[in-house]
Each structure stands twice: as structure tokens, then as C-alpha cells.
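Student: pasted the sequence and its predicted model underneath.
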There are 2 protein chains.
Amino acid sequence: MLVNMLKAAKEATYELMSMRSDIKDRALSAVADKLDKNRELIKAENAKDIAYANECGLSKAMIDRLILDDKRIDAMIQAVNEIKAQTDPVGKVVEGYRRPNGLYITKVKVPLGVVGIIFESRPNVTIDAAALCLKSGNVSVLRGGKEAINSNVCLGKLMKEALKETGLPEAAVNIIEDTDRAVVMEMLRAKDYIDIMVPRGGDSLIKFCTEHSLIPLVKHDAGICHVFIDEFADMEMAVNIAVNAKCQRVGVCNTMETLLIHDAVAAKILPMLEKAYAEYSVELRGCENTQKIIACKPATEEDWSTEYLDFILSVKIVKSVDEAIAHINKYSSQHSDSIVTENYSNSEKFLDRVDSAAVYVNASTRWTDGGEFGLGAEIGISTQKLHCRGPMGADDLTTTKYRIYGSGQIR
Amino acid sequence: MLVNMLKAAKEATYELMSMRSDIKDRALSAVADKLDKNRELIKAENAKDIAYANECGLSKAMIDRLILDDKRIDAMIQAVNEIKAQTDPVGKVVEGYRRPNGLYITKVKVPLGVVGIIFESRPNVTIDAAALCLKSGNVSVLRGGKEAINSNVCLGKLMKEALKETGLPEAAVNIIEDTDRAVVMEMLRAKDYIDIMVPRGGDSLIKFCTEHSLIPLVKHDAGICHVFIDEFADMEMAVNIAVNAKCQRVGVCNTMETLLIHDAVAAKILPMLEKAYAEYSVELRGCENTQKIIACKPATEEDWSTEYLDFILSVKIVKSVDEAIAHINKYSSQHSDSIVTENYSNSEKFLDRVDSAAVYVNASTRWTDGGEFGLGAEIGISTQKLHCRGPMGADDLTTTKYRIYGSGQIR
């Protein structure tokens, strides 16, 4: 019964809430140790998932995301150790002051409580998410995809063993074994037990959660990212960034989906880009003016709001940095957008006015990542404005509490 | 058409987003000035609302909340001036560092965008909320109660005049004149235009918003606040705090609704409290053990989760600080809870383990208030954990953005 799991999870928060950092860190060490000592078990359970995935005829790319080999187990262990090495966000005094009436008010970071996470395929998310929650004193309730269920359950058991051995409540980490979609609905309505829901996945999952959740969400949504090549761009740098942002890895949310080019340099740079993209067999879909310069398919209105997650790129020529900003604010998913320019005022205008989680000057959008930002691991990348924005680390899994010390003050 | 108002509101965010503080402050000065110079107009429009309220037979307390007299207009002007005097939260660099690859990453506070606020009766909320939004570079869309519509529309017009005269977009402040409930639904679904919704009101409004909103909410919910008189309390201080927390003002969310008393001191302090509460004609509803000590009605299970907003108090005797904490975590609305004690360990345990927005030692719960906390005004008191908790000021009307300065970095 999900409700019993959730009740125990909520109960565990009261113990975890003020748990000493050294005890939490000891538990994280034990988790890393368990992973290392149970490689064969993990691989055997993972093999069941892979076998099932092959039976179902899942794509090679999908199956690749499922695999847990020694290299990936090493990476999981490293993530746990990096999370352990971070400073515990809990207990940090954000503000503190004495009021004229003598009340001493402090505002302190505290855990959120129970964090529900819904994710797909990659089983390493189980470890990353549970470890980040544990570090920040939160109880995690994890609902991974059906295709990785054996791996997830195995990783969950190992974590519970580690918790038990270090004297922490086993209910601090919870894996939901029921992979029916109805369970997601049950989670979204369980507002008495879950404090925050983090859905990670495709459009339909996010839409479903937004429609039905009674619990505050931190959404990890699509990435429709842009690079704008300004008239004052260094041409060689622009080509490098535009190629990297599209081609270095296509299936992820920080990949560029639309390239904007200033009118004044389009005729010069488009043939260079055409050549560079040809090496990766990128399909180009251009606006009318782009079609006049290079051979490409026509881009439709729909293209500007499509996350291809593939070797496809829409290209638009704009007349100014203002037009580029307006296009981005209209079509971007507010994830990551970059300008390539040597012009100071244009760079600042872009940073000021593009309303996205991460805005770049002269760098690839591919950098938006918890690890690359120095947060250790990430629980996802928030594309909403409430609570946290961009890569979400342990620090973002906290809220605040006013601790107020009085000496009899009445109003 | 609401959608046209919202489109213009969204458009205005791009201008407000990076608006200089001195210009925003100039607009706030102009708002204060308009209020001062149009007292007669405000009072005349307010009189229409009062007349209608009398016609409808609204309660005296309700009508009192509606009234805008010179004293209340003074208070509105003062609130605007205090908000103006605060430091602009926008632009504050929360973090900043250079990564090994040379990327210079800064995390900066930025406005949320369009803030939708739903509130009831008190027309001064119009000014507080709009001024806080303006200070923090946000566009406000305000939907007040039907009973204050003439006052709200008048205040909105004066603010728009002030915006226009100081060169800010008039669409920065918006009053919805349609008071039909269907408009609330329209707001809650307008996720392309509104970035955050702040519902302030009763249970049914909050429930409606939670069920239907596609937009992240910051809820301003009920207050079921507790005072726990520990066995180590100073008895005189305990009586003062318990009386103040209940009686100083009964109709507000930071008023105590349940009093918990340690077994060891119940027989001594209950008669003192009985006498003190009699002066305010407070109806006491006690647990079985309370009934053995003083004359009172029996408290039912329902009483522990009731927000009376009236001169009624439920009283329970507990055996320990742990039982008090468990009771509070079960029944509290996580708003404000206080312990009265001279015992150090009990005070720290209470502060650590009570999972509420504001936890007090030796002070009345009535202090939880933006003004009393030194935030100037407040847009409400958040009873949720996501984004902000407790009194919500200008600072809480921001999100962050990563501004990243590169020199050609690709991954």
C-alpha cells in the first residue's frame, strides 16, 4: 500500500530534519560502499531489465540509457562521494537580526520533508536523487520507469541496508515498485504526506502532473535552447559554439534546437555552418531568408517550438539583437540561451532581457548541468521560476524556518 | 477581455525586468503622492462599497475591514514609503564563481514576471501588493473581492496615473474589474501569461486554487497556531503569552487556536488562565484532563484542527515536550507555534522539531507578520514550503537567473 509507505516516510522526516551532518555523511559512505561491494548483484538485476527491454524491442539509445556496467557503477559511487563532500545546506542561517522589541529572529535552512520524484529509464537517477535528498535531510520517494524496475529495486535495497547499518531510518529512502501509471496519480494527490513533487520526463508526464497535482511541483521540462550569432560575433567561435551546442549530444535538454543569426553576417557564416553541420548529418530547416543562402528544408511555425532531441536544427535570420531576444522570449522553454558577440552592450542586453534560467555570452548551452556548475550532482534542471531555477542540487532541496528567541514578548 | 490584459502584462515584464531601482522608486513616490492628493476621491469611491455592504447586510467586522478613512489612507501611504525605502532585491548576486574551464558563473536575483493575486475584502491589500510587486520589478494582476470593487478600481487608476507620469508602462499594475468567480478559473489556467499565483483567503478559495491551478501557487492558508506551556515555564510569562496569543486580535491567522499545557503544571496554571480568559469571555474547550481541573466544554477531535478565528480556545494537557511536538506536527497548519519554557534543551528541541514556518521560544505567535519581522509590508504569509515560507516580502517575489560569461567554451 502506497499510503503506508508514505506515512512511514512522513514520520521519518521528523528524525531526519535535525539529523547531524556527520551521521548523514556516514550513511552516504555506506551507500558508496554497498554499491562497490555488490557490483555483481547490481549487474545481474540490471541484466533482467536489459533482457526485457530487448524483448520489448526498445531502441538501442533507450537500452544504452538503462545499462549499469562497471563504469556506470563507478560513476554512481563517485556521485555519492561528491554529494557527501558538499557542505550540508541544512542549518545555514540565511538571515538573523534582533528586532527593536528584543526578539531575536533567525531564518534558517531546513529540509523540505518528503520529496517525491518521478523519472524515466536511467537507473543512476535513483542513486543521485536519493543521495541528494539524504544529504539535505529529506526523505525520498522514488518512482522510476518500468523498464528499469529490477535495477531500481536492487539499488533501493542496498541503500536501505546502508541506512540501517548506520542507524538511520530505513524509511528515509523509498522505491515504489508498482510501475502502474495510477500510482503517479496517487502520489500527486497525497498532499498530507509529500511536500514537493519533482517530475522529470517528457511533455505528457509534465502536463499530467501539472493538471492533477495537489502538491507543489518543481518541473523539469523540455529544453528549447537557442544560440544567437550576433553581427559582432567572432565567426570561428560562433561556428564552434553552434556546432557544439547542437551536436555534442543531441538527446538532452540543454542542446540547441534553434539557431538565430544576425542578418549582417548570415551570408558569410551560413555556408561555414552548412559545411560543419554536414559532418554530423544535421538536417537544417531554415526561414525564408536562410533558404536563399543555403540549401535547406523550410522551417514552419511549429519548428520554432519543437524540441527535436535529434540531429535537426531550425535556423532563423533576424535583423537585430532585439528581434533575437523577442524570438527567444516567445519560443524558448526558458532553459538555456546563448549569444555569441564581441559587442559589450549587446551581451549585457541579452543577459538582462532573455527570461531564461541560464543565459550565456560566448559559450555553448551544453554547460547547463549541475556537475558542470559545480553543484556535485543534480536532481534535475528546473524550468520554472518558483523555488529554484536551473540545475537543482542539495541546496535547492531546502526551505527556511524562522527560529525566534524571545524573552516574554507580547503584542 | 482578461487575455488582452494578461498579454499586455506579460509584455510589460520585459521592460520592468531590468528597470533601474531609482525609476521604480520614483514611481512609488508618485503612488504615495497620488494617494495623498486624492483622499476625497478614494473616500467617495469607498463609500459606494460601504453602502453596498450595508445593503447586503455584511457583518460589522467585515464592513470595518472595508473602510478607507484618513487613518487607513495614511497607513497605505506609509506602507508605500516603507517599501520604497527597502533595498531593491533585483540584481543581487546570490553566488558567483569561476569554473576551472574559465566560465564565470553568477546567480542573480530577477523578478518572477507576472504575479497574480487573489484576495478578499481589505482594499489596502491592493496598494501593498502592487507596491511590493513594483519594487521587485514584477507586474501585478490583482483580483480583489466584489465587496471592495469600487475602492480597488479607484486605487488601481491612481497607480496607473502614477506609472504613466513617471514613464513606466501602465500595464505594470492591473486590476481585474470582473468579480465573477469564473475569472479566478481563467487566471489559474493562464499559464502562458502568469508566472505565479498568490491566493489569499479562506479554505474554499485555497482548495479551489490547488485543484485547478496550472500555475505555481504560493498559498496563504489557515493558521492553526499553538502555544505549549512547558513544565519549566515561568508561570506569569506563560499566562501573558497565552492570553496575548489568543485575545489581542482573534480574527487573524497568527492567533493561537490550541493551548498545550504540561501535565506537571496544569493544576497550577489552568485556574490562572481560566480567570484571565474570563475577562475576554473566551470559551474554553478542554481535553478530559483539563475538564478535571477547570470548568469547560469538552474538546472533540475536530477541535484540534479547527481555526476558530473567534474567542474560542481548545486546551490539551500533554505529558512531555515530545507529545506537544507530535500534537503540533499532526494538527498545526505549519504557520506559527511557540513554547514557553526556561529549559534550554526543551527550547532547542521544540525549535528543531516543530515543522512550522515560524517557531518561537517565550513569545506570542502574534508576532508573525511582515511588518513586525522588519520586511516592510507583506504580500501574505506563506504556509507552504516551496519558494518561500512565512511572511512574504519583496525579496520573495524574485527568482534567480544564471548569468554566464564565457570566452568560447565548448563541451
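Tutor: Sure, I can see it. Residues are numbered from 1 along each chain as shown, chains lettered A, B, ... in the order given.
Student: got the domain boundaries for chain A?
Tutor: A:2-221, A:225-367 (automatic domain parsing).
Student: quick check: end-to-end length of the first one?
Tutor: As for domain A:2-221, its first-to-last residue distance stands at 26 Å under the measure CA to CA, to the nearest Å.
Student: take the domains of chain A and lay them out in a markdown table including distance to residue B:47 and mean pLDDT.
Tutor: For glycine as for every other residue, the C-beta is placed from the backbone atoms N, C-alpha and C. Shown next, in a markdown table, are these (distance: least, CB to CB, whole Å; pLDDT from 0 to 100):
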| stretch | distance to residue B:47 | mean pLDDT |
| --- | --- | --- |
| domain A:2-221 | 37 | 94 |
| domain A:225-367 | 42 | 97 |
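Student: the ones you listed: which one's closest to residue B:215?
Tutor: Of all these, domain A:2-221 sits nearest to residue B:215, with 9.0 Å by CB to CB.
Student: and the residue of the stretch 1-150 of chain A nearest chain B?
Tutor: Chain B sits closest to residue A:18 of the stretch 1-150 of chain A, with a gap of 4.1 Å, by CB to the nearest CB.
Student: how much space separates the spatially closest residue to that residue that is not a sequence neighbour from residue B:339?
Tutor: Distances taken as CB to CB, 6 or more residues apart in numbering or on different chains place residue B:352 nearest to residue A:18, at 4.1 Å, with adjacent residues excluded. Counting by CB to CB, to the nearest Å, the gap between residue B:352 and residue B:339 amounts to 11 Å.
Student: one more: residue A:377?
Tutor: From residue A:377 to residue B:339 the distance is 38 Å (CB to CB).
Student: follow-up on the earlier one: wait, which of the domains of chain A is closest to residue B:308?
Tutor: The nearest among those, by CB to CB, is domain A:2-221 at 22.0 Å.
Student: tell me the contacts of residue A:248?
Tutor: With contact set as CB atoms under 8 Å, 6 or more residues apart in numbering or on different chains, residue A:248 has these partners: A:255, A:364, A:366, B:410, B:411.
Student: near the last one, how many other residues are there?
Tutor: Counted with other CB atoms under 10 Å in any protein chain shown, the neighbours of residue B:411 add up to 15.
Student: ok, it touching residue A:365?
Tutor: No: in this structure, residue B:411 is not within contact of residue A:365 by CB atoms under 8 Å, at 9.4 Å.
Student: who has more neighbours out of residue A:377 and residue B:339?
Tutor: Just comparing residue A:377 and residue B:339: by other CB under 10 Å the higher neighbour count belongs to residue B:339, 30 against 26.
Student: now do the contacts for the more buried one.
Tutor: Contact analysis of residue B:339 by CB under 8 Å, 6+ apart lists B:227, B:228, B:230, B:321, B:324, B:346, B:347, B:350, B:359, B:360, B:361, B:362.
Student: bridge partners for the first one, pull those for me.
Tutor: According to DSSP bridges, the residues that bridge with residue B:227 are residue B:259, residue B:338.
Student: check contacts around it.
Tutor: By CB under 8 Å, 6+ apart, the contact list for residue B:227 reads B:241, B:242, B:245, B:256, B:259, B:260, B:337, B:338, B:339, B:340, B:364, B:365.
Student: go again with 7 Å.
Tutor: B:241, B:242, B:245, B:256, B:259, B:338, B:340, B:365 (CB atoms under 7 Å, 6 or more residues apart in numbering or on different chains).
Student: out of those, which is nearest to chain A?
Tutor: Nearest to chain A among the contacts of residue B:227, with distances taken as CB to the nearest CB, is residue B:241, at 6.0 Å.
Student: secondary structure element holding that closest one?
Tutor: Residue B:241 is part of helix B:235-247 when elements are defined by DSSP states H and E.
Student: that helix packs against which elements?
Tutor: strand A:398-409, strand B:225-229, strand B:256-262, helix B:263-278, strand B:336-340 (3 or more CB pairs under 7 Å, 6 or more residues apart in numbering or on different chains; DSSP states H and E).
Student: how does it look with 8 Å?
Tutor: strand A:398-409, strand B:225-229, strand B:256-262, helix B:263-278, strand B:336-340, strand B:358-363 (3 or more CB pairs under 8 Å, 6 or more residues apart in numbering or on different chains; DSSP states H and E).
Student: how about the residues of the stretch 301-411 of chain A that lie near chain B?
Tutor: A:329, A:351-353, A:355-364, A:366-368, A:372-374, A:384-390, A:399-411 (CB under 8 Å from any CB of the partner chain).
Student: any of those residues buried? List them.
Tutor: For those, a burial check counting by 16 or more other CB atoms under 10 Å in any protein chain shown picks out A:329, A:351-353, A:355-364, A:366-368, A:372-373, A:384-390, A:399-406, A:408-410.
Student: secondary structure element holding residue A:377?
Tutor: Counting by DSSP H and E, residue A:377 is part of no helix or strand.
Student: surely it and residue A:125 touch.
Tutor: No: Residue A:377 lies out of contact with residue A:125 (CB under 8 Å); the separation is 9.5 Å.
Student: now the helices for the stretch 51-200 of chain A?
Tutor: A:60-66, A:70-85, A:124-135, A:149-165, A:181-189 (DSSP state H, counting those that start in this stretch).
Student: hey, which of those helices is tucked in deepest?
Tutor: Neighbour counts averaged per stretch over those are highest for helix A:124-135, at a mean of 26; criterion: mean count of other CB atoms under 10 Å in any protein chain shown.
Student: now the angle between helix A:70-85 and that helix, please.
Tutor: Angle, helix A:124-135 to helix A:70-85, by axes from the mean of the first three to the mean of the last three CA atoms, to 10 degrees: 10 degrees.
Student: list the contacts of the helix or strand hosting residue A:12.
Tutor: Using DSSP H and E, residue A:12 falls within helix A:2-16. Residues external to helix A:2-16 that are found in contact with it (CB under 8 Å, 6+ apart): A:111, A:113-114, A:137-139, A:141, A:168-169, A:171-172, A:174, A:176, A:178, A:183, A:186-187, A:190, A:192-194, B:329, B:353, B:355.
Student: distance from that helix to the middle of the chain?
Tutor: Its chain's C-alpha centre and that of helix A:2-16 lie 25 Å apart, by CA atoms, centre = their mean, to the nearest Å.
Student: same for the very next helix or strand once past that helix, what does it pack against?
Tutor: Downstream of helix A:2-16, the first helix or strand assigned by DSSP H and E is helix A:21-37. Packing partners of helix A:21-37 (3+ CB pairs under 8 Å, 6+ apart): helix A:70-85, helix A:124-135, helix A:149-165.
Student: same thing but 6 Å
Tutor: helix A:70-85, helix A:149-165 (3 or more CB pairs under 6 Å, 6 or more residues apart in numbering or on different chains; DSSP states H and E).
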